[in-house]
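Asker: next input, structure requested:
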Amino acid sequence: MIYLALGSNLGDREWNLEQALALLAEALKVDMLCSRVLETEAVGFDGAPFLNQAVCFESDITPEALLDLCQDIEVRLGRPRHEAEYDAEGRRVYRDRVMDIDILKYNDSEIHSDRLDIPHRQIWERPYVQELLNDITI
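Answerer: Numbering: from 1, shown residues only. Model (predicted):
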């Protein structure tokens, strides 16, 4: 199973989540199991609250192709293309975003590269991610 986290804190957050799910389902041609939608405060920066949701599905898409798809959907929904930013102390800089799609788990794979960390490290850092995953764990 592949698990993703979706989040939005700009614009019509519910619509953004719905559109991201529709675009994922259309591109992957899969049925997805979706968690409930949960509102959380921004973590790591002073921003508007997020609506978050987790989804899981089965697919033969490669992790790298899935990352490309997720980033393409983020851009299609209005998020500028981006590279990770870090402050002078080396801490990650976060910003408000129309859509954020993270690959949480990809089957039982462990991948640590310049582009991907699977499982995603925020699974354990952010309690709401575990809460959403509990909604859909099969």
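
Asker: measure Val129 to Thr40 for me?
Answerer: From Val129 across to Thr40, the span is 9 Å (C-beta to C-beta, to the nearest Å). Using the backbone N, CA and C atoms, a C-beta is placed for each residue, glycine as well.

Asker: spit out the residues that contact those two alike.
Answerer: Shared contacts of Val129 and Thr40 (C-beta atoms under 8 Å, 6 or more residues apart in numbering): Asn52.

Asker: out of the two, which sits in the more crowded spot?
Answerer: Applying other C-beta atoms under 10 Å to Val129 and Thr40 shows that Val129 carries more neighbours, namely 22 against 17.

Asker: low pLDDT regions in the chain?
Answerer: The chain contains residues with pLDDT under 70 at 138.

Asker: all helices of it, in order?
Answerer: Along the chain, counting by DSSP state H, helices occupy 13-28, 63-76, 122-125, 127-136.

Asker: and the third one, which residues are buried?
Answerer: Taking 16 or more other C-beta atoms under 10 Å as the neighbour-count basis, helix 122-125 is seen to contain the buried residues Ile123.

Asker: what about Asn107, how many neighbours?
Answerer: Asn107 has 11 neighbouring residues, counting by other C-beta under 10 Å.

Asker: repeat that for the one 5 residues further on.
Answerer: Neighbourhood size, His112 [other C-beta under 10 Å]: 9.

Asker: pretty sure Ile2 contacts Phe57?
Answerer: Yes - applying C-beta atoms under 8 Å, one finds Ile2 in contact with Phe57, separated by 5.8 Å.
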